[in-house]
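Participant: The amino acid sequence is not available; the structure is as follows:
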C-alpha cells in the first residue's frame, strides 16, 4: 500500500523542512512498493536533506533537526536520548528525523502542527476541486519573510488575486519564487541579507521596490539593502522608496542580477537617502550560461543615485548602449566603462558626474549628452591636469589656451587625422577639449577620447583642485 498524503507530508517536513511539491505528491502516493522506511532512507541520502543535516548522525544532526522542526536547539537530554536510540539500534540514522517529528511534545508538538497546517493548505492548492481550497483563497498580498525554499506561485493562480509579493523581513538562504505572473511585483519593506530569486513564468516586465522605511530616529547613519536575482524577465522596473527619519548620510542599496532583461527603468526616490544600484547583467541561472541582454537603462526621480556598479558576469562583454537620465533631477554618478564601446550617457538636470577611464579609447568612443557647462563633472581615472597654454601654433596650426584647442588654417581632413595631430601636441598627463564639426571632445595624452554631444564653442576646461575632476566652460 502506498503512503498516504499525511505520511508523505511528515516525511517532507522531517527531511526537507517543506511541504511536498506536486510532482513528489503524485509520485510517492501512487507507488505501493515505496514504504515509509524506504522513502525515509532515500530522503535522508538526498543532497537537499544532507545540506540541512549532514551525511552522518550525532549531536550536531540532532540539533539541526530540532532547529528545522521546532525552531530551537535541542536540550541536552534530547540529544542524549536520540543519539542513544540510534546507538542502540532502536531507530536507524535515516529514520531519526521522522522519529523526532513524530515524538514531538508540548510546544514542539504545536510547532509541528502549525507546519502541518500550512503544508495541508498548500497541498489543497494542488487540487482546484478540493473542498479545502478555502484555506488558500482571497490572497491579494503574499509575504515572503523567512522564506528559505523555492515556492511555486502557481499555487496562488486560482482563487486569488495576488498582485504583489511583500518581504516584510529577511528572507532565508535559498529563497526563490517561481512561476511569477507578469503583473506581480516584489516589494521589500525590510532589509535582507539573503538573495531572493524571482522567476517569471512568462517573460515580461518585473517590478522590484526597496521600501524599507526607518521606523524611528536613531541618530546614526543607516543602510537599507536587498539582493534579487531576476530570472526570465525581459524588462525591469527598479524602484527606491526608502524614507529615513534622520537627515544624515543614509544609503539605500539595491543589488540586482538579471539574465534576459533588455531594459531597466530606475526610479530613484526616498527621503534622507542616497541610492546605489548594483546591477549585474549577463547570466542565466537556469541555463547556467552567460548572456548579454541589458542595452538600455532609463533613470527617473530626484534622489541622488550612484550607478558605478553596473557590470556583467566575467567574460561577458557589456551590451549596455545607453543610460538615459534626461528625466532625472538628482545627482547621477555613472561610469562610461560600464557601457559597450560607443555607448551614450544622457544626463539630466542635476549636477552629474561621469567617470571615464582607459576603456573609453579608440574610434568607438563613448558619448556624454546634455552636459551642463560649468556644473556637470567629468572624472578621469588617470592622473591628468589641464594642458598648459601654448599660444604658438605648431606645424598643424594647433594652439592651446585654458585647456581649449584651436586649430588654425585648413584643419584636419577627418577626425582620425585630428586625433593624430593632437596626439603629437598633447602629452601624457594632459587633458584638453576641442571642437570637431558640431560637437566637443575631451582628449587626454593618455589616449582617452570622449564625445560631448551638443557642446559647441568651448571656452575653458577647468580642473576642480587636483582631483582629476573637470568641468567644461
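Facilitator: That came in fine, so what should we check first? In this text the structure is predicted, and so the values were computed from the model without any measurement.
Participant: which strands and helices sit next to the longest helix seen in the chain?
Facilitator: Ranked by residue count, the top helix of the chain under DSSP state H comes out as helix 106-124. If you count contacts as 3 or more CB pairs under 8 Å, 6 or more residues apart in numbering; DSSP states H and E, helix 106-124 packs onto helix 5-16, helix 59-70. C-betas here are computed from N, CA, C, even on glycine.
Participant: Quick check: which of those is buried the most?
Facilitator: helix 5-16 (a mean of 20; mean count of other CB atoms under 10 Å).
Participant: Just want the angle from that helix to helix 59-70.
Facilitator: 130 degrees (axes from the mean of the first three to the mean of the last three CA atoms, to 10 degrees).
Participant: I would like the residues contacting helix 5-16, please.
Facilitator: Helix 5-16 is contacted from outside by 3, 18-20, 24-25, 28-29, 36, 39-40, 43-44, 46, 48-49, 52, 65, 69, 97-98, 100-102, 112, 115-116, 119-120, 123, 149, using CB atoms under 8 Å, 6 or more residues apart in numbering.
Participant: The residues you listed in helices, which ones?
Facilitator: 24-25, 28, 36, 39-40, 43-44, 48-49, 52, 65, 69, 97-98, 100-102, 112, 115-116, 119-120, 123.
Participant: Just the buried ones from the residues you listed?
Facilitator: Listed as buried from the ones in helices among the contacts of helix 5-16 are 24-25, 28, 39-40, 43-44, 49, 52, 65, 69, 97-98, 100-101, 112, 115-116, 119-120, 123; burial here means 16 or more other CB atoms under 10 Å.
Participant: For the stretch 351-473 of the chain, which segments count as helices?
Facilitator: For the stretch 351-473 of the chain, the helices defined by DSSP state H, counting those that start in this stretch occupy 415-425.
Participant: Report the central residue of this protein.
Facilitator: Nearest to the mean C-alpha position of the chain, by CA atoms, centre = their mean, lies residue 256 at 1.2 Å.
Participant: For that one, give its distance to residue 278.
Facilitator: Between residue 256 and residue 278 the distance is 7 Å, computed by CB to CB, to the nearest Å.
Participant: Low-confidence ranges, the stretch 1-150 of the chain, go.
Facilitator: Scanning the stretch 1-150 of the chain for pLDDT under 70 picks out the ranges 120-141.
Participant: Please, where are all the strands along the stretch 351-473 of the chain?
Facilitator: Counting by DSSP state E, counting those that start in this stretch, the stretch 351-473 of the chain has strands at residues 353-356, 366-369, 377-380, 385-386, 398-401, 404-407, 430-436, 439-444, 449-453, 461-463, 469-472.
Participant: Out of those, which gets nearest to residue 327?
Facilitator: When those are compared by CB to CB, strand 366-369 sits nearest residue 327, at 13.4 Å.
Participant: which strands and helices sit next to the closest one?
Facilitator: So strand 366-369, by 3+ CB pairs under 8 Å, 6+ apart, packs with strand 344-346, strand 449-453.
Participant: Not counting it itself, show me its contacts.
Facilitator: The contact list for strand 366-369 (CB under 8 Å, 6+ apart) reads 336, 339, 341-347, 354, 356, 360, 378, 450-454.
Participant: Whichever of the residues you listed end up buried, select them in PyMOL.
Facilitator: Remark: buried members of those, expressed as a PyMOL selection using 16+ other CB under 10 Å:
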select buried, resi 336+339+343+344+345+346+347+354+356+360+378+450+451+452+453
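Participant: So which residues of the stretch 101-250 of the chain form strands?
Facilitator: Along the stretch 101-250 of the chain, counting by DSSP E, counting those that start in this stretch, strands occupy 141-143, 150-152, 164-167, 176-180, 185-188, 195-200, 205-210, 223-231, 235-240.
Participant: In the second one, which residues are buried?
Facilitator: I take that to be strand 150-152. 151, 152.
Participant: Show me what it is in contact with.
Facilitator: For strand 150-152, the surrounding residues in contact (CB under 8 Å, 6+ apart) are 21, 22, 144, 174, 176, 177, 178, 179.
Participant: show me what contacts the last one?
Facilitator: So that's residue 179. Contacts for residue 179 (CB under 8 Å, 6+ apart) come out as 152, 153, 154, 157, 199, 200, 201.
Participant: From residue 176, how far off is the second one?
Facilitator: Taking CB to CB as the measure, residue 153 falls 10 Å from residue 176.
Participant: next one: the fifth one
Facilitator: From residue 199 over to residue 176 the distance is 7 Å, taken as CB to CB.
Participant: now residue 222, nearest residue through space, not along the chain?
Facilitator: residue 250 (5.0 Å; CB to CB, 6 or more residues apart in numbering).
Participant: same question, residue 261
Facilitator: Spatially, and ignoring its direct neighbours in sequence, residue 261 is nearest to residue 236 (4.7 Å; CB to CB, 6+ apart).
Participant: now residue 404
Facilitator: In space, residue 404 is closest to residue 458, 5.3 Å off (CB to CB, 6+ apart).
Participant: How about residue 100?
Facilitator: Nearest non-adjacent residue to residue 100, counting by CB to CB, 6+ apart: residue 65, 5.2 Å away.
Participant: Test my guess that the one you found contacts residue 99.
Facilitator: No: using CB atoms under 8 Å, residue 65 makes no contact with residue 99, being 9.5 Å away.
Participant: of all the contacts of strand 150-152, which two lie farthest apart?
Facilitator: Farthest-apart pair in the contacts of strand 150-152 is 22 and 144; separation 20.0 Å (CB to CB).
Participant: between these two, who's got more neighbours?
Facilitator: Legend: neighbour count by other CB atoms under 10 Å for residue 22 and residue 144, higher for residue 144 (23 against 15).
Participant: Could you check the pLDDT of the residue lying closest to that one once chain neighbours are set aside?
Facilitator: Spatial nearest neighbour of residue 144, excluding adjacent residues (CB to CB, 6+ apart): residue 167 at 4.5 Å. With respect to pLDDT, residue 167 has a value of 89.
Participant: what's around residue 167, how many residues?
Facilitator: If you count neighbours by other CB under 10 Å, residue 167 ends up with 26.
Participant: ok, now residue 95?
Facilitator: If you count neighbours by other CB under 10 Å, residue 95 ends up with 19.
Participant: now it: how far from residue 103?
Facilitator: Separation of residue 95 from residue 103 (CB to CB): 11 Å.
Participant: can you list the weak-confidence ranges in the stretch 351-473 of the chain?
Facilitator: In the stretch 351-473 of the chain (pLDDT under 70), the answer is 358-363.
Participant: who's in contact with the nearest residue to residue 384 once chain neighbours are set aside?
Facilitator: In space, and not counting its chain neighbours, residue 384 is closest to residue 431: 4.6 Å by CB to CB, 6+ apart. By CB under 8 Å, 6+ apart, the contact set of residue 431 is 380, 384-387, 403, 442-445, 448, 461, 463, 470.
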